[in-house]
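Engineer: what follows is a predicted structure for the sequence shown.
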Amino acid sequence: MTATPLVVLENVNKHFGELHVLQDINLSVHRGEVVVLIGPSGSGKSTLCRTINRLETIDTGTITIDGQPLPAEGRGLARLRSDVGMVFQSFNLFAHKTVLQNVTLGPLKVRKTPKEQAEKRALELLDRVGIANQAHKYPAQLSGGQQQRVAIARALAMDPKVIMFDEPTSALDPEMVQEVLDVMVNLAKDGMTMVVVTHEMGFARRAANRVVFMANGQIVEENTPDEFFGSPRTDRAKDFLSKILTH
Ligand SMILES: Nc1ncnc2c1ncn2[C@@H]1O[C@H](COP(=O)(O)OP(=O)(O)OP(=O)(O)O)[C@@H](O)[C@H]1O
Ligand SMILES: [Mg+2]
């Protein structure tokens, strides 16, 4: 990890009408760091992820990616946005395109990568997530776990500086959760900078450098996974953990 963090949020505030959904958020993510974002439903985790690649605007504060402030719009925004990969709960693959076409679309259209090169790289990435043999299938012919691995390969194909994962396994059948988490653990080991919204504590313990706990639009607590899960400091965190640990 170098001294300059890759992603820096300073005093970020956002409202949805009356709702103060992000309240003075300060968060830095270093290169190669894996941050797990955890907290009750409605606490603002998805909104925070979405502001980092500007799918949502902010009211006040600043967000910088690799030292560059996120511009409001235009070309600069498109470029910085493509530095931030996104993997959602619902995979959002194009149903009428093959796996290979889904993965090469961004590089072809946004990066203007030559087709042959984009396909070669896509096949390498599909191999990395364990589904190279599915390249010519359509999303509907794949299991949920396989589709989510395509979505990860698609994010990687843009060579992002950081990837945000918003509950990447919560729509999956239980038997498919592990194969997706394994891919994510390997990405973390390879040094990918990742922000992961998940309640999968096994993943947090295996891969996270830091757990950030949000409640009511605020960062309430942040610590190493061992410290956070082992001895949470705030009542909010204790209460939250007792609920997710017992269900
Ligand atoms: N586009 C929107 N317009 C208005 N309110 C919104 C919008 N998006 C989210 N909200 C509200 O903002 C709050 C935070 O939502 P957000 O999706 O960030 O929470 P979350 O922590 O990701 O929750 P979950 O664990 O359920 O995914 C919620 O009260 C939600 O209803
Ligand atoms: Mg959410």
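Structural biologist: Done, it's in. Because the structure is predicted, anything quoted here is derived from the model rather than measured. Ligands and ions are numbered 1, 2, ... in the order given.

Engineer: list the buried residues in stretch 197-209.
Structural biologist: Using 16 or more other CB atoms under 10 Å as the test for burial, stretch 197-209 gives 197, 198, 200, 201, 203, 204, 205, 206, 207, 208, 209. Every C-beta, even on glycine, is put in place using the N, C-alpha and C of the backbone.

Engineer: from the residues you listed, pick the one nearest ligand 1.
Structural biologist: The closest of these to ligand 1 turns out to be residue 197 (CB to the nearest ligand atom; 6.6 Å).

Engineer: ok, then the element right after the helix or strand bottoming out on mean pLDDT in the chain?
Structural biologist: Across the helices and strands of the chain, mean confidence by mean pLDDT, DSSP states H and E is lowest for helix 75-82: a mean of 78. Using DSSP states H and E, the helix or strand that follows helix 75-82 towards the C-terminus is strand 84-87.

Engineer: quick one: strands adjacent to that next one?
Structural biologist: Paired with strand 84-87 in the same sheet, following DSSP bridges, are strand 162-166 (parallel).

Engineer: avg pLDDT for the helix or strand following the partner strand?
Structural biologist: Note on strand 162-166: by DSSP H and E, the next helix or strand toward the C-terminus is helix 174-189. What helix 174-189 shows for mean pLDDT is 94.

Engineer: buried set for helix 174-189?
Structural biologist: 176, 177, 178, 179, 180, 181, 183, 184, 185, 187, 188.

Engineer: same check on stretch 45-65?
Structural biologist: Buried-residue list, stretch 45-65, by 16+ other CB under 10 Å: 45-54, 56, 58, 61, 63-65.

Engineer: out of those, which touch ligand 1?
Structural biologist: Intersecting the buried residues of stretch 45-65 with the surroundings of ligand 1, defined as CB under 6 Å from any ligand atom, gives 45, 46, 47.

Engineer: could you tell me how many residues sit around the closest residue to the last one other than its chain neighbours?
Structural biologist: When you say that, I think you mean residue 47. Ranked by CB to CB, 6 or more residues apart in numbering and with sequence neighbours excluded, the top spatial neighbour of residue 47 is residue 21, at 5.2 Å. Neighbour count of residue 21, defined by other CB atoms under 10 Å: 20.

Engineer: mind telling me what element residue 21 is part of?
Structural biologist: Under DSSP H and E, the secondary-structure element containing residue 21 is strand 19-29.

Engineer: from the chain's centroid, how far away is the helix or strand following that strand?
Structural biologist: Remark: after strand 19-29, the chain's next helix or strand is strand 34-38, criterion DSSP H and E. Distance, stretch centre to chain centre, for strand 34-38: 9 Å (CA atoms, centre = their mean, to the nearest Å).

Engineer: name every strand pairing with strand 34-38 and say which way it goes.
Structural biologist: In its sheet, and by DSSP bridges, strand 34-38 pairs with strand 193-197 (parallel), strand 210-215 (parallel).

Engineer: out of these, which is closest to residue 74?
Structural biologist: strand 193-197 (24.7 Å; CB to CB).

Engineer: which helix or strand lies directly C-terminal to the closest one?
Structural biologist: Following strand 193-197 in sequence order, the next helix or strand is helix 201-207 (DSSP H and E).

Engineer: who are the packing partners of that next one?
Structural biologist: strand 34-38, helix 174-189, strand 193-197, helix 225-230 (3 or more CB pairs under 8 Å, 6 or more residues apart in numbering; DSSP states H and E).
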